[in-house]
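**Q** Please work out how this folds:
(chains A, B, C and D)
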Number of protein chains: 2
Amino acid sequence: MSLGKDYAGQECSMAGALEVVGERWTLLVVRDALYGVRRYNDFLAHLGIPRAVLASRLQALTAEGILEKRRYQESPPRDEYVITERGIALWPVLRSLGRWKREQYGETQLRYFRHADCGTELGSYGECPACGLVVPVADVLMDPGPGLDPDPADSVGRALLKPRRLLQPIESDPV
Amino acid sequence: MSLGKDYAGQECSMAGALEVVGERWTLLVVRDALYGVRRYNDFLAHLGIPRAVLASRLQALTAEGILEKRRYQESPPRDEYVITERGIALWPVLRSLGRWKREQYGETQLRYFRHADCGTELGSYGECPACGLVVPVADVLMDPGPGLDPDPADSVGRALLKPRRLLQPIESDPV
DNA sequence: GAAGTAAGTTCAATGAACGAACCTTCAATG
DNA sequence: CATTGAAGGTTCGTTCATTGAACTTACTTC
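**A** Predicted structure coming up:
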């Protein structure tokens, strides 16, 4: 998106944001990173994204400081991609997108996002209506809803069947 | 985006939202519609979007109930595209995208969005910190900031140099 | 020594975006 | 009455991005 034909001349930070995260798949990679996905193969299996596109998006997100590439073993050399503060700051964008879709199209709840301290479901912009504060992303508890497939094909999908906090790393245990 | 290769099997309303508004240009068309742009030629000039792409996006957004096509004169027949409640509900998404970009990249303010009743600048999710309420989109006052080009090439850009409310139709007066 | 795993790259085919040119329906102008 | 112009498109050839399958590399385990 940022190459060649961009949203040039758009004097607008919304357009600027879309330059960075507006490409196909990009925000879904960020979503998975918020869910705790860190490894190439986990992104691959959970998203169903073409390998080349995933590699390109991970590189772009790393270059933008939204993910951080981190060596987690030396032999053989293996890297994982960890979300940064800048990436975590995208949570309200994803939250509001999800709320918009479910509310406007009357869909059944797939996942609940709750304030871990009190169990209350978050409002539209990630606040806790009971406590009256914007909940830090690390204190958001993600909890399967009635509409969710109880038997996902990939290991990440299965790990996400249990209630868990955002950002908590997913240890991918193969079948 | 929705044709053929979609984000199929993503059990997630965020992915569902990106199916609808995740294509290139789509959210910028919605942004302009929130600014009060309604006519084909105004979108065209202000966005710098290829004509065929604009036509396709307007059609898709109309089909999704985000814009409404409305006849504004009979002879010759002319239609305009007016944002619906469903489209207005996307405001928090655009607001949080814009905030994210400006805050994370330390940019100078291009536009202020204020609570029209009291003049206070909106918070990250469109609330008024002074009044303590989420400001209805029609009560958001948009106000040029220091970073804005004082002499835009297109008539919409010029109309947006004056403070004005969101949703208020832009009457495009050519040069 | 064969098979497996993690993280990629390469490649041909398809699809989407781009920009220029063209089209249609009318109104206003000369 | 012929021409120009405006609004809202469509068509088309070129370029660019995405897709899915196959291949690569560097190890580890059986």
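
**Q** what's near enough to touch the most centrally placed residue in chain A?
**A** For chain A, the residue sitting closest to the mean C-alpha position, by C-alpha atoms, centre = their mean, is residue A:31 at 1.1 Å. Residue A:31 is in contact with A:94, B:12, B:14, B:15, counting by C-beta atoms under 8 Å, 6 or more residues apart in numbering or on different chains. Backbone N, C-alpha and C define where each C-beta goes, glycine included.

**Q** With residue A:143 instead?
**A** Taking C-beta under 8 Å, 6+ apart, we find residue A:143 in contact with A:111, A:112, A:113, A:114, A:163.

**Q** Also residue A:13?
**A** Counting by C-beta under 8 Å, 6+ apart, residue A:13 makes contact with B:97, B:98, B:99, B:101, B:102, B:107, B:110.

**Q** can you pick the most crowded of those residues?
**A** Most neighbours among these, by other C-beta atoms under 10 Å in any protein chain shown: residue B:97, with 27 neighbours.

**Q** For that residue, give me phi and psi.
**A** Here is the backbone geometry of residue B:97 (degrees, to the nearest 10): phi -60, psi -50.

**Q** circling back to that earlier point, put together JSON lines for the contacts of residue A:13, with pLDDT on each row.
**A** Below are these laid out as JSON lines (pLDDT from 0 to 100):
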{"residue": "B:97", "pLDDT": "97"}
{"residue": "B:98", "pLDDT": "96"}
{"residue": "B:99", "pLDDT": "95"}
{"residue": "B:101", "pLDDT": "97"}
{"residue": "B:102", "pLDDT": "96"}
{"residue": "B:107", "pLDDT": "94"}
{"residue": "B:110", "pLDDT": "95"}
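
**Q** which residues pair with residue A:127 across the strands?
**A** Residues in a beta bridge with residue A:127, per DSSP bridges, are residue A:134.

**Q** list the contacts for residue A:37?
**A** Neighbouring residues of residue A:37 by C-beta under 8 Å, 6+ apart: A:43, A:46, A:156, A:170.

**Q** Tell me the spacing between the closest residue to chain B within chain A and residue A:143.
**A** Residue of chain A nearest chain B, by C-beta to the nearest C-beta: residue A:125 (3.3 Å). Note on residue A:125: its distance to residue A:143, by C-beta to C-beta, to the nearest Å, is 19 Å.

**Q** what's in contact with the worst-scoring helix or strand of chain A on mean pLDDT?
**A** In chain A, no helix or strand scores lower on mean pLDDT, DSSP states H and E than strand A:133-134, which sits at a mean of 91. The contact list for strand A:133-134, computed with C-beta under 8 Å, 6+ apart, reads A:125, A:126, A:127, A:128.

**Q** Take these and lay them out in JSON lines including distance to residue A:73 and pLDDT.
**A** Shown next, in JSON lines, are the contacts of strand A:133-134 (distance: C-beta to C-beta, whole Å; pLDDT from 0 to 100):
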{"residue": "A:125", "distance to residue A:73": "39", "pLDDT": "83"}
{"residue": "A:126", "distance to residue A:73": "34", "pLDDT": "89"}
{"residue": "A:127", "distance to residue A:73": "39", "pLDDT": "91"}
{"residue": "A:128", "distance to residue A:73": "38", "pLDDT": "95"}
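
**Q** And residue A:21, how close does it get to residue B:124?
**A** Note on residue A:21: its distance to residue B:124, by C-beta to C-beta, is 16 Å.

**Q** Could you do residue A:43 as well?
**A** If you go by C-beta to C-beta, the gap between residue A:43 and residue B:124 works out to 28 Å.

**Q** what does chain A have sitting close to DNA strand D?
**A** A:3-5, A:23-25, A:48-53, A:56, A:75-77 (C-beta under 7 Å from any atom of the strand).

**Q** Can you list the low-confidence ranges for chain A?
**A** Counting by pLDDT under 70, chain A shows low-confidence ranges at A:1-5, A:8-9, A:172-175.

**Q** Helices along that one, start to end?
**A** For chain A, applying DSSP state H gives helices covering A:13-21, A:26-35, A:40-47, A:51-63, A:85-88, A:91-105, A:155-159.

**Q** All good on my end, thank you.
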